[in-house]
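Visitor: Requesting a structural model of the entry that follows:
(chains A and B)
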Protein chains: 2
Amino acid sequence: MLNIKRYSTSQPDFQARLTDLLAFEGAQDESIDNVVAGILHDVKARGDAAVLEYTKRFDQLDAASATELELSQPRLKQALDNLPAAQREALQQAAERVRVYHEKQLMQSWNYTEADGTMLGQQVTALDRVGLYVPGGKAAYPSSVLMNAIPAKVAGVKELIMVVPTPGGLVNELVLAAAAVCGVDRVFTIGGAQAVGALAYGTQTVPQVDKIVGPGNAYVAAAKRRVFGVVGIDMVAGPSEILVICDGKTDPDWIAMDLFSQAEHDELAQSILLATDAAFIDAVQASIEKLLPQMPRQEIIRTALESRGALIQVKDLDEAAEIANYISPEHLELSIEDPVTMAKKIKHAGAIFMGRQTCEALGDYCAGPNHVLPTSRTARFSSPLGVYDFQKRSSLIMVSEAGAQVLGKISMVLAEGEGLQAHARSAGYRLR
Amino acid sequence: MLNIKRYSTSQPDFQARLTDLLAFEGAQDESIDNVVAGILHDVKARGDAAVLEYTKRFDQLDAASATELELSQPRLKQALDNLPAAQREALQQAAERVRVYHEKQLMQSWNYTEADGTMLGQQVTALDRVGLYVPGGKAAYPSSVLMNAIPAKVAGVKELIMVVPTPGGLVNELVLAAAAVCGVDRVFTIGGAQAVGALAYGTQTVPQVDKIVGPGNAYVAAAKRRVFGVVGIDMVAGPSEILVICDGKTDPDWIAMDLFSQAEHDELAQSILLATDAAFIDAVQASIEKLLPQMPRQEIIRTALESRGALIQVKDLDEAAEIANYISPEHLELSIEDPVTMAKKIKHAGAIFMGRQTCEALGDYCAGPNHVLPTSRTARFSSPLGVYDFQKRSSLIMVSEAGAQVLGKISMVLAEGEGLQAHARSAGYRLR
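Guide: Take a look at the predicted model:
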């Protein structure tokens, strides 16, 4: 018997229960942070030598020189060529669909000229060099390589450097194959805070990058937080979440499996169902009981559902939309008749999966949009990873002589109001 | 005699000198961080009561209740009405120009439908509520209110909450007037880490926001870093910088004053000139000597120029562009004949001021583009503050029944490759 929370919005303390359910304190372990600070400092000071030592110590990989830690392009190609045909084709088809979607995100430069000849605009450029962290071991997902690498390549990043630890020399062939599909430029078999440090500061062998993206464990997350400012970083993600809204007319087995597909990621993952109909919630719960024993990752799913999952009865779909906006979920599945109308009411969500056909798994792999999404209610203020994360803008200002007369006068008044006389005089020089 | 560094790219150790010149260790003072952690914890736990206590202690402002710390809309309007007409009009003209430019940055939602009926897209929404930090005292700039508030309003943010400390009850009328011009919704006279905490967690009186923007001292910066994740934040800015590139044909007084206009901000500000002609650099240095005694803020300017400024002779303008891309300056002034061609070679800069007429001061106040720009080489990976910082995206995925057949198969292969069987089965259910 699975012990999953059952709530109803009609309970007087529902909001407090919901707040408790969503509460998650991001692990900012001080001892981890201290270890990471030491490693970063060492890698910054000693470069390759430090990276080699930490790689030997933490990954049991004893390389004589840092160049031995680089995988060649033929090695990546070999990984791709050796895949079973079905996997190779699935990887290539997914990559192609992700590329097509992300190409729509490309920002373009623009400018306009005012009547007096003053030109204003915005020049868009790509980052020069990006580092992509890929975890080793159980959380090594080739789909993550696609989702991080393709937007960077579409943006026009010239050099994409991947780091992936290979503990004890164990290489994930699917990950290397994904790197080959995406055109990753260089791959180093290093990981942990030492890999983040190598990318942030550069070593004799590993080039310094401008931004580091990709998931990692607590050490990697702490290292990324620390090097932020020296380089850009993507979001530091919390546990993955799905919110399913159902009108009671989807097969309960489908809904149960959609909740499982989130819960199987790890014990902290969160799966929540909102439905209008108590009998349907009973049916979903019965499906969960029936299907759980069939799942290879049933222990993870059970822990996640019991500790962080919930089945919640709502008054109607409008109330469901309100709750969704409060939760601001990473993944929102609208398993309802008219998802187009409902989606317009959603203000905060990482990705919206619309209609009964659109389970999250399709979006995780190959629909096209990115699967790197804001977690832990951060969709209130942030967006999926995209091409825009690998482009940046420079303002363009070219003031004509006529324009300088108008702007110079305004600037002088305001600069004097702020007590900045050099500003005022610099503007004043441009007055005829 | 001003002791400013004179370098030439022909010096064999030029790159090392340049690296030294740019080196700046951001102040992450541990004692400040500990104080801030305590204040944030207290404000989160005790809300208004804690805010009142800290405001009394740090700002000598003894309010009986938190509602006394709010300024009314008529009070803001009064500040605007009471300004001298020239200041009021300058503020309004600047605001209007900034608004027109920023409206061009508005992102729109988009979607497309594939041949089999699958719809993919991106839904753009505004943040619900934003907090704007405005410093009290000497660094309180009404232009900063415009530059932070207008993009948020253009984005469609529904509620904009400003906090501004008024130490000892001292109110900056220009700042309040700027808030009135921008349509700031609510203003609280609180500051420091306690104001950041109030905005991040909400109190009985101060509403919780989704993002906090605006400049502040080391305590405010430390507080913003700490609440990041609970709310969004803008960049934590370093000292301001200008890089001027000149072909030797601009009046040396103009160049000297443009360098001053950056240096007068504070002692850590950085002003660098790149020019092709040693005699012209001599002339600029002579202008500096001549003009400096005339400046009210000459002590700040002198310290900034002597400690962090430099006059650098380059071989030609192409070399200047290369150095500019390395420096990735916050402000780049191209005081040359053909700035349009040159701007195309610039990959990394916050804002590019093109042509001899376009001094930075015009852009600081009223040209239109934002004056909140990436500092300390972060223009390699980040952008000016803009409307896009107050909008976010949700991915839209609506898979048709036909689409689910294709995507389901790809997803199943990849999910099985990653060992995620619930993902595979969830996709598999959608196959006919």
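Visitor: Could you break chain A into its assigned domains?
Guide: A:5-26+A:238-367, A:30-109+A:125-233, A:399-428 (automatic domain parsing).
Visitor: what about the nearest residue in space to A:V227 that is not next to it in sequence, how many residues close to it?
Guide: Closest residue in space to A:V227, ignoring its immediate chain neighbours: A:A200 at 3.8 Å, by Cβ to Cβ, 6 or more residues apart in numbering or on different chains. (Each C-beta comes from the backbone N, C-alpha and C, glycine too.) Neighbour count of A:A200, defined by other Cβ atoms under 10 Å in any protein chain shown: 26.
Visitor: Now for A:A200: which residues touch it?
Guide: A:L40, A:G131, A:Q208, A:V209, A:I212, A:V227, A:V230, A:V231 (Cβ atoms under 8 Å, 6 or more residues apart in numbering or on different chains).
Visitor: Distance-wise, check it relative to B:P329.
Guide: 21 Å (Cβ to Cβ, to the nearest Å).
Visitor: one step back: with mean pLDDT as extra columns, can I get the domains of chain A in JSON lines?
Guide: Supplementary listing: those in JSON lines, determined by pLDDT from 0 to 100:
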{"stretch": "domain A:5-26+A:238-367", "mean pLDDT": "96"}
{"stretch": "domain A:30-109+A:125-233", "mean pLDDT": "95"}
{"stretch": "domain A:399-428", "mean pLDDT": "96"}
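Visitor: Quick check: which of these is buried the most?
Guide: Highest mean neighbour count among these (mean count of other Cβ atoms under 10 Å in any protein chain shown): domain A:399-428, with a mean of 23.
Visitor: Show the end-to-end separation of that one, please.
Guide: By Cα to Cα, to the nearest Å, the extent of domain A:399-428 from end to end equals 14 Å.
Visitor: how about the helices of the stretch 51-200 of chain A, start to end?
Guide: Under the criterion DSSP state H, counting those that start in this stretch, the stretch 51-200 of chain A contains helices at A:73-81, A:85-103, A:142-155, A:173-182, A:192-201.
Visitor: what would those look like in JSON lines with distance to B:L106?
Guide: Supplementary listing: the helices of the stretch 51-200 of chain A in JSON lines, determined by distance: least, Cβ to Cβ, whole Å:
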{"stretch": "helix A:73-81", "distance to B:L106": "41"}
{"stretch": "helix A:85-103", "distance to B:L106": "21"}
{"stretch": "helix A:142-155", "distance to B:L106": "21"}
{"stretch": "helix A:173-182", "distance to B:L106": "32"}
{"stretch": "helix A:192-201", "distance to B:L106": "34"}
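Visitor: Of the ones you listed, give the one that comes closest to B:I397.
Guide: Of all the helices of the stretch 51-200 of chain A, helix A:85-103 sits nearest to B:I397, with 9.5 Å by Cβ to Cβ.
Visitor: and the angle for that closest one with helix A:142-155?
Guide: Using axes from the mean of the first three to the mean of the last three Cα atoms, to 10 degrees, the inter-axis angle of helix A:85-103 relative to helix A:142-155 is 40 degrees.
Visitor: Need the contact partners of helix A:85-103.
Guide: A:80-81, A:83, A:142-143, A:146-147, A:150-151, A:154, A:174, A:177-178, A:181-182, A:365-370, A:386-387, B:120, B:409-410, B:413-414, B:417.
Visitor: Thanks a lot, catch you later.
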